[in-house]
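**Q** pasting the sequence and the predicted coordinates here, then a few questions.
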Amino acid sequence: QLQLVESGGGLVQPGGSLTLSCAISGFTSNLDSIGWIRQAPGKEREGISCISNFDDGTNFANSVKGRFTISRDSAKNTVYLQMNDVKDEDTGIYYCVYARLWVCANGVPTDGDPRGSGTLVFVSS
């Protein structure tokens with residue numbers, strides 16, 4: 001059974017950086033992808049980024065493009081979300097999700113199953 005566990009959230013100042021990790025246990029195939037979504041207070045859930053298991057192709061939401069990167073360490077079975085130049089509006093709970101390959105090839109997932117329990121990112125000075 002696939003399980004996703006996020007870590008790395010915390011308090012960060014505007015303009016700062018933070019790295020989130022998604023530890024993956026269980027089987028995934030080249031037809032799958034792993035994504036990040038976030039839920040901010042009072043806002044709709046937002047897809048942030050994803051990475052394809054097939055070719056490590058990536059996609060990003062316009063709101064984070066140029067500031068966030070996504071990568072994987074296959075040896076550790078972990079996907080990372082590097083957040084740079086963070087803004088107040090990046091505050092939220094960040095979830096790691098499983099998505100089918102075609103979802104990541106055509107944009108970013110806005111949800112997935114399974115989904116981790118989330119890690120809180122709070123941007124504040």
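**A** Everything's here; your move. Keep in mind it's a predicted model, so treat the numbers as computed, not measured. Residues are numbered from 1 along each chain as shown.

**Q** what sits up against the helix or strand bottoming out on mean pLDDT in the chain?
**A** Of all helical and strand segments in the chain, the minimum by mean pLDDT, DSSP states H and E falls on helix 101-105, at a mean of 91. With contacts defined as CB atoms under 8 Å, 6 or more residues apart in numbering, helix 101-105 is touched by 30-33, 35, 50-54, 57-59, 109. Every residue, glycine included, has its C-beta placed from N, CA and C.

**Q** ok, the residues you listed vs Asn77, which is closest?
**A** For those, the residue nearest Asn77 by CB to CB is Asn53; the value is 11.2 Å.

**Q** what's the burial count for the closest residue to Phe27 other than its chain neighbours?
**A** Distances taken as CB to CB, 6 or more residues apart in numbering place Leu2 nearest to Phe27, at 6.7 Å, with adjacent residues excluded. When counting by other CB atoms under 10 Å, one arrives at 13 neighbours for Leu2.

**Q** Gly15: what's it in contact with?
**A** Gly15 touches Asp85, Val86, counting by CB under 8 Å, 6+ apart.

**Q** how about Glu89, secondary structure?
**A** Classification of Glu89 using DSSP: H, G, I helix; E, B strand; the rest coil returns helix.

**Q** find the centremost residue of the chain, please.
**A** By CA atoms, centre = their mean, the chain has its centre lying nearest to Trp36, at 2.3 Å.

**Q** my guess is Phe68 contacts Ile48, does it?
**A** Yes: proximity of Phe68 to Ile48 meets the contact threshold set by CB atoms under 8 Å, at 6.8 Å.

**Q** overlap in contacts, those two.
**A** With CB under 8 Å, 6+ apart as the test, Phe68 and Ile48 both reach Phe60, Leu81.

**Q** give me phi/psi at the residue nearest to the centre of the chain?
**A** Dihedral pair for Trp36: phi -120, psi 140, per degrees, to the nearest 10.

**Q** and if you look at the one 3 residues further on?
**A** Gln39 has phi and psi values of phi -130, psi 110 when expressed as degrees, to the nearest 10.

**Q** how about low-confidence regions in the chain?
**A** Counting by pLDDT under 70, the chain shows no low-confidence range.
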